[in-house]
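**Student:** Need coordinates for the following:
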Amino acid sequence: MPSAEKVEKVAVLKERIRGSQTGFSVVKNTLLKLAAGEAGIADLGSLLEGPTAVAFVAGDPVSAAKKVVEAAKR
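**Tutor:** Coordinates of the predicted model:
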């Protein structure tokens, strides 16, 4: 079960990226491996160990990446 501190950090990150056409989810590695395989990027599976979070970007990926980095620094 995630700690309250981790949940709060994820909530802050989601708040910071709001409005940038970016979604953010903590996902199960098994499901992400299946989805990556379906999308033709099965090599991604070797990177999935431990807790995994994914940003789904519909807008400008550079803007979204900057917001994620800014949130991580705080």
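
**Student:** Okay, helices next: where are they in this structure?
**Tutor:** 4-17, 29-38, 61-73 (DSSP state H).

**Student:** Residue 45: which of those helices is closest?
**Tutor:** Among those, helix 29-38 comes nearest to residue 45, with 4.4 Å by Cβ to Cβ. Using the backbone N, CA and C atoms, a C-beta is placed for each residue, glycine as well.

**Student:** So what touches the closest one?
**Tutor:** Applying Cβ atoms under 8 Å, 6 or more residues apart in numbering, the external contacts of helix 29-38 come out as 42, 44-45, 48-49, 52, 54.

**Student:** before we move on, what about stretch 9-16?
**Tutor:** By Cβ under 8 Å, 6+ apart, the residues outside stretch 9-16 that reach it are 24, 26, 53, 67-68, 70-72, 74.

**Student:** Output it as CSV - backbone C-alpha positions only.
**Tutor:** Listed next in CSV are the C-alpha coordinates belonging to stretch 9-16 (Å, rounded to 0.1, in the frame of the first residue of the first chain):
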residue,chain,number,x,y,z
LYS,A,9,3.7,13.7,-4.2
VAL,A,10,1.8,12.1,-7.0
ALA,A,11,-1.2,14.4,-6.4
VAL,A,12,1.2,17.5,-6.5
LEU,A,13,2.7,16.2,-9.8
LYS,A,14,-0.8,15.8,-11.3
GLU,A,15,-1.7,19.3,-10.2
ARG,A,16,1.5,20.7,-11.9
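
**Student:** List the contacts of the residue nearest the centre of the chain.
**Tutor:** The centroid of the chain falls nearest to residue 54 when counting by Cα atoms, centre = their mean (2.3 Å). Residues near residue 54 by Cβ under 8 Å, 6+ apart: 24-25, 27, 32.
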